[in-house]
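In: would you be able to build a 3D model of this:
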Amino acid sequence: SEYSVVVKEICAREIDNVQLQRWLNGLRCCISSMGRGCDKLVGATLQLSWVYRDEATVSAFTEYLADLIAAHAEYASPCVYMLVQLFLYKEERTEEQNSLAFDRALTCMNHVLEMVPTSLYCVKQHLLSVCPYKGRSAQCQEHFVQNCLRLISDFPVLMGDIFEILLEHMVKLDVDISKDELEAELTQPADSDATGVFQLELEQDGQATVEASCGGCKVAVPMTNVAAHKLDICMSHVLMFIKKHSHHSDGTFHLDAATLVFQSLCKVFEKVLLLTHGTSHVQFLLLYLCSLHQSFVEGFLHVLWNTAEDVNCGAVTRQAAVSYMAGFVARAKYIPLGTVILCLDLMTEWISRYIHQFDSTARSIPNVNAHAVFFSVVQAVLYIFVFHHQALLQMDDAHTYLQRLNFERIITCRLNPLKVCLNSIVELFAMITRKHEIVFCYTIIERNRRIVMPTTCIDNKSNKVIHLGSFFPFDPYLLQQSGVLIKELYTQFKDMAADAHLYTEEDTKTTESEPIAFPESPSLEAQMQLNLTPLSPMCISPGFDKNSFT
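Out: Purely as a prediction, here's the structure:
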């Protein structure tokens with residue numbers, strides 16, 4: 001039949017540009033007749049190798065697609081899928097061919113979505129279906145992220161969906177990375193023969209990233225850990241997108257655009273990151289974004305605290321929210337002291353109400369299964385205080401304020417939070433509060449050493465294992481290239497080394513009035529070595545570097 005002849009002619013590989021343009025223009029003239037019965041014909045046109053042809057042919061194909069989807073909405077999904085497949089990097093193509101395919105696929109996609117906005121509904125599902133497996137090459141990961149971010153720039157309405165796809169993908173890379181291996185890599189000398197596999201510019205205050213000479217050109221030095229290298233590339237592109245999208249072309253801050261990014265990322269955070277245990281780097285996107293405006297800091301903390309207080313959420317999710325809140329307030333350099341005080345007030349008030357309600361029924365051995373969120377909030381208060389105690393003690397009414405936090409009531413209650421909180425945090429808190437005569441913890445610590453209890457329990461609502469004190473989402477950021485945008489915003493515990501001389505052996509030695517057996521040299525370094533060994537039941541570091549005080 002003539003229909004079969006047309007299909008066969010369009011499928012012919014040797015069809016030239018002029019003939020193909022004629023076919024496409026002819027099909028546009030009868031586009032209204034190309035319904036369900038023309039599936040083979042439509043399928044043949046979608047399989048055309050159009051992306052490498054001349055501009056006139058590409059333009060004719062783009063117009064044909066737009067007309068086809070406008071006339072027959074059922075073809076929107078296969079058309080969008082065909083375009084999305086071109087977002088992937090192909091090793092068999094040259095760099096020029098890949099770049100040309102990306103540009104033309106995005107141009108065609110933009111035209112189709114502008115002409116037929118209803119086709120936006122199928123973009124997310126098809127991007128998700130072609131999202132590269134984590135085992136694919138670094139180039140494939142990089143270009144997919146780049147093309148998705150370019151699509152957001154043209155269609156901000158897709159921002160939430162695309163951020164969700166990208167962060168889910170990056171989380172899969174993140175949880176596969178061993179922080180021990182990364183730390184070992186950072187301690188090794190740089191490999192002078194390292195060769196770059198991608199080129200990417202990152203700028204921080206006008207300064208380019210660390211670069212190495214490779215074949216006469218400047219390329220970023222890749223990390224030797226394969227998963228970390230891939231994640232580093234993805235993080236770099238997303239961070240630069242956030243930075244660029246949140247500023248006008250003249251460099252001034254664009255609050256409305258930045259707010260849209262913040263709202264989208266917060267929704268994805270609640271849906272993806274907050275429910276994932278063990279991520280180490282992806283959450284720093286929020287730490288960077290919040291540095292752009294104080295309202296973002298307050299908004300992020302509001303989301304976290306609302307989740308922490310929500311009794312309808314499972315204990316694991318509430319604990320994760322508390323951990324994020326503690327790490328964010330402790331680690332972000334840009335958070336003002338007033339916000340730190342507000343968070344401490346919120347948490348200690350909640351703790352006081354909780355103690356008033358449950359302390360009378362508490363057992364002699366802490367019931368972690370029943371009070372997991374309470375113990376997490378107490379640990380968060382101690383963690384924040386350890387990081388910010390110097391600034392808090394420099395306030396005019398420091399001791400009055402600290403007494404108002406009622407630390408004594410918290411540590412002496414029958415719920416016994418000091419037994420459950422991570423040892424390294426408890427002992428640092430004890431040393432600091434004793435030095436400044438705020439509260440005395442050592443009697444309770446010594447008594448707790450005689451209590452044996454489990455290091456995990458089960459959340460009754462979600463049936464998930466609760467890891468006591470083992471999740472610190474803002475531990476040191478170890479990715480090298482993307483880290484240039486993070487390191488200036490992030491508080492390292494070693495920055496507190498100047499105050500280390502305050503905590504000497506005399507602060508924790510046994511006296512006649514205090515019959516407590518402590519190590520002979522309980523310096524901060526010794527405390528870290530004592531509590532954070534690979535054999536410790538809770539050996540995931542809360543960010544206290546054991547070499548910080550050497």
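In: ok, residue 376 - contacts?
Out: 318-319, 322-323, 469 (Cβ atoms under 8 Å, 6 or more residues apart in numbering). C-betas here are computed from N, CA, C, even on glycine.
In: if we use 7 Å, what do you get?
Out: Contact analysis of residue 376 by Cβ atoms under 7 Å, 6 or more residues apart in numbering lists 319, 322-323.
In: state the helix or strand in which it lies.
Out: Here residue 376, judged by DSSP states H and E, is contained in helix 368-393.
In: how far is that helix from where the chain is centred?
Out: Per Cα atoms, centre = their mean, to the nearest Å, the displacement of helix 368-393 from the mean C-alpha position of its chain is 22 Å.
In: so which bits of it are buried?
Out: 368, 370-389, 392-393 (16 or more other Cβ atoms under 10 Å).
In: over to stretch 94-111?
Out: 98, 101-102, 104-106, 108-110.
In: could I get those residues as JSON lines with secondary structure, distance to residue 276 and pLDDT?
Out: Shown next, in JSON lines, are these (DSSP: H, G, I helix; E, B strand; the rest coil; distance: Cβ to Cβ, whole Å; pLDDT from 0 to 100):
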{"residue": "98", "secondary structure": "helix", "distance to residue 276": "32", "pLDDT": "93"}
{"residue": "101", "secondary structure": "helix", "distance to residue 276": "33", "pLDDT": "94"}
{"residue": "102", "secondary structure": "helix", "distance to residue 276": "30", "pLDDT": "95"}
{"residue": "104", "secondary structure": "helix", "distance to residue 276": "36", "pLDDT": "95"}
{"residue": "105", "secondary structure": "helix", "distance to residue 276": "31", "pLDDT": "95"}
{"residue": "106", "secondary structure": "helix", "distance to residue 276": "30", "pLDDT": "95"}
{"residue": "108", "secondary structure": "helix", "distance to residue 276": "35", "pLDDT": "95"}
{"residue": "109", "secondary structure": "helix", "distance to residue 276": "30", "pLDDT": "94"}
{"residue": "110", "secondary structure": "helix", "distance to residue 276": "33", "pLDDT": "93"}
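In: where in this protein is pLDDT low?
Out: Scanning the chain for pLDDT under 70 picks out 1, 13, 189-222, 364, 453-470, 494-550.
In: and the strands in it, which stretches?
Out: Under the criterion DSSP state E, the chain carries strands at the ranges 203-204, 207-208, 211-214, 217-220, 456-458, 465-467.
In: without its sequence neighbours, what residue ends up closest to residue 102?
Out: Closest residue to residue 102 apart from its sequence neighbours, by Cβ to Cβ, 6 or more residues apart in numbering: residue 147 at 5.6 Å.
In: equivalent analysis for residue 352, please.
Out: Residue nearest to residue 352 in three dimensions, not counting chain neighbours: residue 406, with 6.4 Å by Cβ to Cβ, 6+ apart.
In: repeat that for residue 382.
Out: That would be residue 429: by Cβ to Cβ, 6+ apart, it lies 4.5 Å from residue 382.
In: what do you get for residue 448?
Out: residue 419 is the one closest to residue 448 (Cβ to Cβ, 6+ apart), at 4.2 Å.
In: does the one you found really touch residue 450, like I thought?
Out: No. Assessed by Cβ atoms under 7 Å, residue 419 is found out of contact with residue 450, at 10.1 Å.
In: which of those two has more neighbours?
Out: residue 419 (19 against 6; other Cβ atoms under 10 Å).
In: quick one: the more buried one from residue 297, how far?
Out: Distance, residue 419 to residue 297, using Cβ to Cβ, to the nearest Å: 33 Å.
In: how many residues are close by residue 82?
Out: Neighbours of residue 82 using other Cβ under 10 Å come to 19.
In: leaving out the residues flanking it, which one is nearest to it?
Out: residue 46 (4.8 Å).
In: the one you found - how many residues pack around it?
Out: Neighbour count for residue 46, taken as other Cβ under 10 Å: 17.
In: circling back to that earlier point, which of the contacts of residue 376 ranks first by neighbour count?
Out: residue 322 (28 neighbours).
In: report the contact partners of the residue nearest to residue 102.
Out: Counting by Cβ under 7 Å, 6+ apart, residue 147 touches 87, 102, 106.
In: so how far is residue 44 from the last one?
Out: It refers to residue 106. For residue 106, the distance to residue 44 - Cβ to Cβ - is 24 Å.
In: same deal with the first one?
Out: Relative to residue 44, residue 87 is positioned 22 Å away (Cβ to Cβ).
In: more crowded one of these two?
Out: Neighbours of residue 87 and residue 44, each counted by other Cβ under 10 Å, are more numerous for residue 87; the result is 24 against 18.
In: tell me the backbone dihedrals of that one, please.
Out: phi -70, psi -20 (degrees, to the nearest 10).
In: who's in contact with it?
Out: For residue 87, the contact set (Cβ under 7 Å, 6+ apart) comprises 102, 105, 130, 144, 147.
In: over to residue 270?
Out: Neighbours of residue 270 in contact, by Cβ under 7 Å, 6+ apart: residue 303.
In: on that earlier part again, and the residue nearest to residue 382, how many neighbours?
Out: 24.
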